[in-house]
Every structure is written in C-alpha cells, then in structure tokens.
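K.L.:
Sequence first, predicted coordinates after that:
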Amino acid sequence: MLDSEIFTWVHQLVGWLLQPVTLALLLLVAVAVWDIGVACGERLGGLRRWRALPQEQVERRARKRLERCDLIARLGPILGLMGTLIPLGPGLAALGDGDIQVLSVAMRVAFDATVLGLLGGMGGFVLGRLRRRWYDELLDGMQREQEVGDESLAV
C-alpha cells in the first residue's frame, strides 16, 4: 500500500523542499537580525524623529513593522518544523538499512533547522512585543501633545 506511485512522488516532492526550506530559514534569520538593527536605531533616536510626522503616517509605519515582526515570529517555527521533519524520513529509512552515518547527518540537519526556526521566531516575538510598547508610548505622547495644543487654541 505505501509503495504506490503517489507516495513515491510525495516523497520526492518533500525531499526537494529541504533546500528551499533551509534557505528560507537562513533568510528569515537574516531578516530578523536586520530588523533588530532597525529597532535599535528606532530606540536610540529614530522614534523621536517620528514625532514630526503626521499621526497617520506613524501608525502606518508602525503597523508595517509590527506585521513584519509577527510574520517572522510565526514563520520561524513553521519553517523550523518543516526543516526538522523533512530529513527525518530519509534518516529513519537509513536506520532501517543500518546506515548510521546517514541517520546522524539527518538528525543534525533536523536539529539545526529546529534551532534556527526557534531563534528566528523568538527574535520576531520579542521584537514585536518591544515595538508594540514603544509605538503605543509614542502614539499616546503624540495624542497628548495634540490635545494640549487643541486646549491652548480653545483658550
């Protein structure tokens, strides 16, 4: 039953996915590291310059950056799990054939993919939480300044 053509095709398709998944993981971690650098720049003075912008533009920028953090936080573990499961099939098949070397390589790839996925997801999650707080504080401050300005015009 499990030797039918469709299972052979599925197995080949899944095997071809390992390299794109690994590249996507590396790209995701690189984007997370880059985004951490952007966030450091925001925290060290970039957000002060945002105060001169209209509130709608600040909200749009904040939403875009938070969406990127959320995407990193969600895709990291998904890609890590894919990168974990894909090499385990050939690794377990090699174990059945008694080839411990292939199994050890498959396990190493699987664990590396898991760690990369969790690292990227953790970076996106932490960065998203910090940014939410920073942007809320910024927008609250801008709103208070606008209310004070409106009150002084009314007097």
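P.N.:
Received the coordinates, thanks.

K.L.:
ok, so what distance separates residue 25 from residue 41?
P.N.:
Distance from residue 25 to residue 41, counting by Cβ to Cβ, to the nearest Å: 25 Å. For every residue, glycine as well, the C-beta is placed using N, CA and C.

K.L.:
Settle it for me: which of those two has more neighbours?
P.N.:
residue 25 (25 against 11; other Cβ atoms under 10 Å).

K.L.:
Buried residues in the helix or strand harbouring that one, which are they?
P.N.:
Using DSSP states H and E, residue 25 sits within helix 5-41. Residues of helix 5-41 classed as buried: 18, 21-22, 24-25, 28-29, 31-32, 35, 39 (neighbour count, 16 or more other Cβ atoms under 10 Å).

K.L.:
What's the local residue count around residue 97?
P.N.:
The tally of other residues near residue 97 (other Cβ under 10 Å) stands at 9.

K.L.:
what sits against it?
P.N.:
Shown in contact with residue 97 (Cβ atoms under 8 Å, 6 or more residues apart in numbering): no residues.

K.L.:
what's the pLDDT at it?
P.N.:
We have a pLDDT of 88 for residue 97.

K.L.:
same deal with residue 154?
P.N.:
According to the prediction, residue 154 has pLDDT 63.

K.L.:
The residue nearest in space to the middle of the chain: helix or strand, and which one exactly?
P.N.:
Centroid-nearest residue in the chain: residue 72, 1.5 Å away (criterion: Cα atoms, centre = their mean). Per DSSP H and E: residue 72 is located in helix 55-97.
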